[in-house]
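[1] Give me a model of this one.
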Amino acid sequence: MSARIRVVVAKPGLDGHDRGAKVVARALRDAGMEVIYTGLHQTPEQVVETAIQEDAHAVGLSVLSGAHMTLFRRVLELLAEREATDIVVFGGGIIPDADLPELAQLGVAKVFTPGATTESIVDWVRANVRTTVA
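    A predicted model of the protein is given here:
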């Protein structure tokens, strides 16, 4: 059975800049996906709880604060602890290219850096987030 893709878009940490997250959330919604936007200043625990409660297929994290390594790592750890590793984690923000290989090794499926278009994000989510169980 196939269903609409459900994505939690989250702003973890202390970063208060959420325009990009809102633009991405709207683009995903306009593309026919169900989107749950968590709002500002979410802890990784809150993000994971929301993803599980909302039966999300993916979590998109927006991180502009420089704490991306800590925040992505913690979200992935919590998903593993909750046996929810089927939830795809992707994100974007001000993330140095040098950190991208380590984020991929941690399990971050994709990182969109400044300049990524909403179309490229929507296309990637459609191609890489599954809504059915194999």
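
[2] so D18 sits right up against V63, yeah?
    No - D18 lies out of contact with V63 (C-beta atoms under 8 Å); the separation is 11.2 Å. C-betas here are computed from N, CA, C, even on glycine.

[3] quick one: secondary structure of A98?
    helix (DSSP: H, G, I helix; E, B strand; the rest coil).

[4] ok, now the one 5 residues further on?
    Under the three-state scheme (three-state DSSP), L103 adopts helix.

[5] so who does it touch?
    68-69, 72, 95, 111 (C-beta atoms under 8 Å, 6 or more residues apart in numbering).

[6] And D18 and V63? Which one has more around it.
    Comparing D18 with V63 by other C-beta atoms under 10 Å, the one with more neighbours is V63, at 23 against 19.

[7] The spatially closest residue to T85 that is not a sequence neighbour and G93: what is the separation?
    Distance criterion C-beta to C-beta, 6 or more residues apart in numbering; nearest residue to T85, sequence neighbours excluded, is L79 at 5.7 Å. To G93, L79 is 19 Å away according to C-beta to C-beta, to the nearest Å.

[8] and what of D123?
    19 Å.

[9] Who has more neighbours out of these two?
    Higher neighbour count among D123 and G93: G93, with 22 against 12, using other C-beta under 10 Å.

[10] partner residues bridging the more buried one?
    V63 (DSSP bridges).

[11] R6 versus that one, what's the distance?
    22 Å.
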